[in-house]
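Asks: Next comes the sequence, and after it the predicted model I'd like to discuss.
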Number of protein chains: 2
Amino acid sequence: MNEGSRGVFAAAVTPLTAALEPDAAAFVAHCRWLLEQGCDGVVPIGTTGEGNSLSVRQRLTLIDAVGNSGIPMTRVIVGTGSCALADAVELTRASVAAGAAGVLVLPPFYYKEPSEEGLARFYSELIERVGDERLRVYLYHFPKLSTVPITPALIRRLLAAYPKTMAGLKDSSGEWPYSAGLLKEFPGFEVFSGSEGFLLANLRAGGMGCISANVNVTAQLAHKVYAAWRTDRAEQLQKELDETRVVLDRYPLPAAVKHVLSVISGNPAWNHLLPPNRPLLQAEGRALISALSAVPQMKPILGSKA
Amino acid sequence: MNEGSRGVFAAAVTPLTAALEPDAAAFVAHCRWLLEQGCDGVVPIGTTGEGNSLSVRQRLTLIDAVGNSGIPMTRVIVGTGSCALADAVELTRASVAAGAAGVLVLPPFYYKEPSEEGLARFYSELIERVGDERLRVYLYHFPKLSTVPITPALIRRLLAAYPKTMAGLKDSSGEWPYSAGLLKEFPGFEVFSGSEGFLLANLRAGGMGCISANVNVTAQLAHKVYAAWRTDRAEQLQKELDETRVVLDRYPLPAAVKHVLSVISGNPAWNHLLPPNRPLLQAEGRALISALSAVPQMKPILGSKA
């Protein structure tokens, strides 16, 4: 087990220029800021990072920028999933070469109801083609978006074939019994929750922590839960974290966290999103900030700008 | 209206090497063969062509190969959809530069329930960035796979903004009323059916024809329907085409047509598929060929090899 891949990970949003190109320097700065805010790690170009809306070339630029930034790569897990095997291979190779602690890999998500055999073949081909002992793969279970669930049978099969490479899974199903079942069936398999709402539950059940979109703006609060998870203050801290989560979860991602970042930083460029995602409408943005400001523990994070 | 973009189009399958690279020479040969068999046109790297399972580099190789093959590009519509705007732009530019009659563009299909605004922005950005008067866009309505329907409201909006560029739509919903509604509401908007099962109905209602997977192996039969669609033999010919369709539709695509091609050509390499798609199992392949052989009009196509 890798000591770096544990705790609170931010599914980092991607700053974009007005021309909708990723701003690599701003991205590195955001990752640094997240680590300063209390994140244990960052996950570039996942769902929140609009990874699938970026071309391979654009994604490679971001991987290289983080790899060359001096950010400890033991704290970085890169989203490298793609419908195209060759693209997933290229992105994964680049991430391993940059020293990333792991890669988070969506199943190919265009064709519906693929066979278990077909999915196993996708991941096997990926692992064999990258062919690097340093490779650590986290499967990405997000049936609502990918439409392709990662079944326990598939995990069993891949763990048997690649016990050293198959590191774990991010569970974005929103259904706690799924994570709980994996933690029971596959000891040592590193399960991250896709929502900070399950952070404490996940840690208590033997999981690694969370990889979450909302912690782009609530890292300080999530960090408190992780720092205290074995203490009797943990439940209260989780409750305080949840109070920000329920507000953020009312708005579309990643627009909501990008909007909050635009307010925290005073930089409206944070509101650029790649289509089909769209920025919050003005009224939505105002309502979001107003609701977040009403949560006392969020006030110091929003600062005087809200 | 473009006289080339009418009739029976094959959603051409992509021959792959054992290493799962597209075989560009074999692909060009297959496209030529399809035109000889009676196809009016071909659509490379769509759903049947495993376009989304190929990297942009691999797709560009196939576009270039067809563009340089001498095949009349007025008979070619290229699948250029991608979740990433920048990829869709690059593939579309290459297709226009190669002289393609049009491009068939999926909506970005990772994020679910995108707003109409977000989808309009995706297509608008694509059209503006390609910025070429020769560009003709066919929208791709395939909600079962893309999960993102193309609504009449979106079409109305895009037609108003880009009347010369918005050429038409491929309807793979399998629901005839959807095509019928578009043909009524948008005269001159070129509607292709995604199934050869609607070929006659589509032509009679003012549509352009079909873009179909099955016609990779039943082009001769589909051609007869198109050639005779104004005559009183049309319904019988459509019925004969349907008899092959119902057999093929029992098996997963594109594995089924690739398997039939492997039998027709005697070349087992046709059975290579990119994961997560998988080739037919041996028993499936035998059952398919046996069922097709029992359809009299399919016998000459299968030849002595079946």
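Replies: That came in fine, so what should we check first?

Asks: so what's the nearest residue to A:Val217 once chain neighbours are set aside up against?
Replies: Excluding the flanking residues, the one nearest A:Val217 by CB to CB, 6 or more residues apart in numbering or on different chains is A:Val260, at 4.4 Å. Backbone N, C-alpha and C define where each C-beta goes, glycine included. By CB atoms under 8 Å, 6 or more residues apart in numbering or on different chains, the contact set of A:Val260 is A:Asn216, A:Val217, A:Leu248, A:Leu288, A:Ile289, A:Leu292, A:Leu302.

Asks: for A:Glu243, same thing?
Replies: A:Glu243 touches A:Val295, A:Gln297, A:Met298, counting by CB under 8 Å, 6+ apart.

Asks: That one and A:Ala256: what is the separation?
Replies: 15 Å (CB to CB, to the nearest Å).

Asks: Then A:Pro143?
Replies: 22 Å.

Asks: Tell me which other helices or strands the helix or strand hosting A:Gly285 touches.
Replies: Secondary structure assigned from DSSP states H and E places A:Gly285 in helix A:282-293. The contact analysis (3 or more CB pairs under 8 Å, 6 or more residues apart in numbering or on different chains; DSSP states H and E) places helix A:282-293 against helix A:234-248, helix A:255-265, helix A:299-302.

Asks: most tightly surrounded among those?
Replies: helix A:255-265 (a mean of 22; mean count of other CB atoms under 10 Å in any protein chain shown).

Asks: Would you pull up how far that one lies from the middle of the chain?
Replies: Offset of helix A:255-265 from its chain centre (CA atoms, centre = their mean, to the nearest Å): 17 Å.

Asks: what does stretch A:118-125 give?
Replies: 22 Å.

Asks: Quick one: low-confidence residue ranges for the stretch 201-306 of chain A.
Replies: Along the stretch 201-306 of chain A, the parts satisfying pLDDT under 70 run over A:304-306.

Asks: Is A:Tyr178 in contact with A:His141, as I believe?
Replies: Yes: using CB atoms under 8 Å, A:Tyr178 makes contact with A:His141 at a distance of 7.1 Å.

Asks: where do the contact lists of the two overlap?
Replies: Common contacts of A:Tyr178 and A:His141 (CB under 8 Å, 6+ apart): A:Asp171.

Asks: Which one's more surrounded, those two?
Replies: Of the pair A:Tyr178 and A:His141, A:His141 is the one with more neighbours under other CB atoms under 10 Å in any protein chain shown, namely 25 against 20.

Asks: list the buried ones in stretch A:168-186?
Replies: A:168-173, A:176, A:178-180, A:182-183, A:186 (16 or more other CB atoms under 10 Å in any protein chain shown).

Asks: Now do that stretch, average pLDDT.
Replies: Taken as a whole, stretch A:168-186 has a mean pLDDT of 98.

Asks: now the end-to-end length of it.
Replies: Taking CA to CA, to the nearest Å, stretch A:168-186 runs 9 Å from one end to the other.

Asks: can you give me the helices for the stretch 51-200 of chain A?
Replies: Under the criterion DSSP state H, counting those that start in this stretch, helices of the stretch 51-200 of chain A are mapped to A:56-67, A:85-97, A:116-130, A:143-146, A:152-161, A:176-185, A:199-204.

Asks: Turn those helices into JSON lines, including distance to chain B.
Replies: Shown next, in JSON lines, are the helices of the stretch 51-200 of chain A (distance: least, CB to the nearest CB, whole Å):
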{"stretch": "helix A:56-67", "distance to chain B": "6"}
{"stretch": "helix A:85-97", "distance to chain B": "4"}
{"stretch": "helix A:116-130", "distance to chain B": "4"}
{"stretch": "helix A:143-146", "distance to chain B": "6"}
{"stretch": "helix A:152-161", "distance to chain B": "11"}
{"stretch": "helix A:176-185", "distance to chain B": "19"}
{"stretch": "helix A:199-204", "distance to chain B": "24"}
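
Asks: Deepest-packed of those, please.
Replies: Among the helices of the stretch 51-200 of chain A, helix A:85-97 has the highest mean neighbour count (mean count of other CB under 10 Å), at a mean of 22.

Asks: residues making contact with it?
Replies: Contacts of helix A:85-97 (CB under 8 Å, 6+ apart): A:56, A:59-60, A:63-64, A:67, A:78, A:80-82, A:103, A:105, A:108, A:122, A:125-126, A:129-130, A:132, A:134-135, B:20, B:53-58, B:274-275.

Asks: give me that answer again for 7 Å
Replies: By CB atoms under 7 Å, 6 or more residues apart in numbering or on different chains, the surrounding residues in contact with helix A:85-97 are A:56, A:59-60, A:63, A:78, A:80-82, A:103, A:105, A:122, A:125-126, A:129-130, A:132, A:134-135, B:20, B:53, B:55, B:58, B:274-275.

Asks: What of stretch A:167-184?
Replies: For stretch A:167-184, using CB under 7 Å, 6+ apart, the contacting residues are A:102, A:104, A:136-143, A:150, A:152, A:155, A:189-195, A:198, A:201-202, A:205-208, A:211.

Asks: can you rerun that using 8 Å?
Replies: So stretch A:167-184 is contacted by A:2, A:5, A:47, A:102, A:104, A:136-145, A:149-150, A:152, A:155, A:189-195, A:198, A:201-202, A:205-208, A:211 (CB under 8 Å, 6+ apart).

Asks: Quick one: distance of it to the chain centre.
Replies: That offset, for stretch A:167-184, works out to 14 Å (CA atoms, centre = their mean).

Asks: Report how many residues lie close to A:Ala291.
Replies: 16.

Asks: Show the contacting residues for the nearest residue to it once chain neighbours are set aside.
Replies: Of all residues not flanking A:Ala291 in the chain, A:Val247 sits nearest, at 4.6 Å (CB to CB, 6+ apart). Contact analysis of A:Val247 by CB under 8 Å, 6+ apart lists A:Leu288, A:Ala291, A:Leu292, A:Val295.

Asks: Tell me the one among these nearest to B:Trp33.
Replies: Among the contacts of A:Val247, A:Leu288 lies closest to B:Trp33 (CB to CB), at 57.3 Å.

Asks: correct me, but that closest one touches A:Ala256?
Replies: Yes: the pair A:Leu288 and A:Ala256 passes the contact test of CB under 8 Å, sitting 6.1 Å apart.

Asks: okay, and the common contacts of those two?
Replies: Residues within reach of A:Leu288 and of A:Ala256 at once, by CB under 8 Å, 6+ apart, are A:Leu248, A:Leu280.

Asks: end-to-end on stretch A:268-287?
Replies: 17 Å.

Asks: how about it: buried residues?
Replies: Applying 16+ other CB under 10 Å to stretch A:268-287 flags A:270-280, A:284-285 as buried.

Asks: who in the stretch 1-150 of chain A is up against chain B?
Replies: A:20, A:47, A:52-58, A:83-87, A:90, A:107-112, A:114-115, A:117-119, A:121-122, A:125, A:144-148 (CB under 8 Å from any CB of the partner chain).

Asks: switch to 7 Å and redo it
Replies: Contacts of the stretch 1-150 of chain A with chain B, taken as CB under 7 Å from any CB of the partner chain, map to A:20, A:52-56, A:58, A:83-87, A:108-112, A:114-115, A:117-119, A:121-122, A:125, A:144-145, A:147.
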